[in-house]
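J.: Quick one: sequence and predicted model below, then my questions.
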Amino acid sequence: MEHSEYCEICGVEKSVYRCPSCGRVVCREHFNINERVCVECYEARKEVTIENVGSIMLAGILSIIAILLLFIGFTFILDTIPSGSVVVIFPFIVITDKLAGIVVAFIYAVILLVIMLLFVRYFAKNVVS
């Protein structure tokens with residue numbers, strides 16, 4: 001889409017794009033074609049992402065610790081449950097059979113590890129790009 005106005009960032013080149021984020025009309029040089037925003041909006045988004053990553057990662061880590069503590073707490077109710085029974089308190093499964101309990105604990109550990117790896121990978125990708 002062509003505009004007869006000049007770029008609102010450099011003021012020299014003719015504007016070609018309109019930023020959907022801020023509404024500026026900008027030239028080809030001041031538009032990030034991959035992100036589909038002007039270069040100023042792209043920089044602002046990148047700064048916000050980098051500033052918030054620390055607090056978001058802390059919240060994620062604290063959430064995972066909370067889930068682990070809840071799981072440990074639910075395992076303490078095993079003393080009051082008859083042997084060989086299964087108790088489901090979503091999202092936890094408490095099993096009094098030792099072998100089955102070990103298998104379920106291993107599955108939970110693998111799931112938590114995958115969630116943590118995806119979490120770190122997602123935020124590492126956003127910081128780098």
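T.: The structure has been received and is ready for your questions.

J.: give the contact list for residue 25.
T.: The contact partners of residue 25, taken as C-beta atoms under 8 Å, 6 or more residues apart in numbering, are 3, 5, 7-8, 15, 17-19. Yep, even glycine has a C-beta here, placed from its N, CA and C like the rest.

J.: now residue 120
T.: When contacts are counted by C-beta under 8 Å, 6+ apart, residue 120 touches residue 57.

J.: now swap in residue 108 and tell me
T.: Residue 108 neighbours (C-beta under 8 Å, 6+ apart): residue 71.

J.: Secondary structure class of residue 100, three-state.
T.: Each residue gets one of three states, and residue 100 gets helix by DSSP: H, G, I helix; E, B strand; the rest coil.

J.: coming back round to it: which two of the contacts of residue 25 lie the greatest distance from each other?
T.: 5 and 19 (13.0 Å; C-beta to C-beta).

J.: ok, back up a step: filter the contacts of residue 25 down to just the buried residues.
T.: Among the contacts of residue 25, those classed as buried by 16 or more other C-beta atoms under 10 Å are 7-8, 15, 17-19.

J.: Which of those residues fall in strands?
T.: In strands, judged by DSSP state E, the following of these are found: 17-18.

J.: Closest one of the buried ones among the contacts of residue 25 to residue 33?
T.: Distances from residue 33 to the buried ones among the contacts of residue 25, taken by C-beta to C-beta, are shortest for residue 17, at 8.4 Å.

J.: Go through the contacts of residue 25 and name the one nearest residue 29.
T.: Residue 29 has its nearest neighbour among the contacts of residue 25 in residue 7, at 7.8 Å by C-beta to C-beta.
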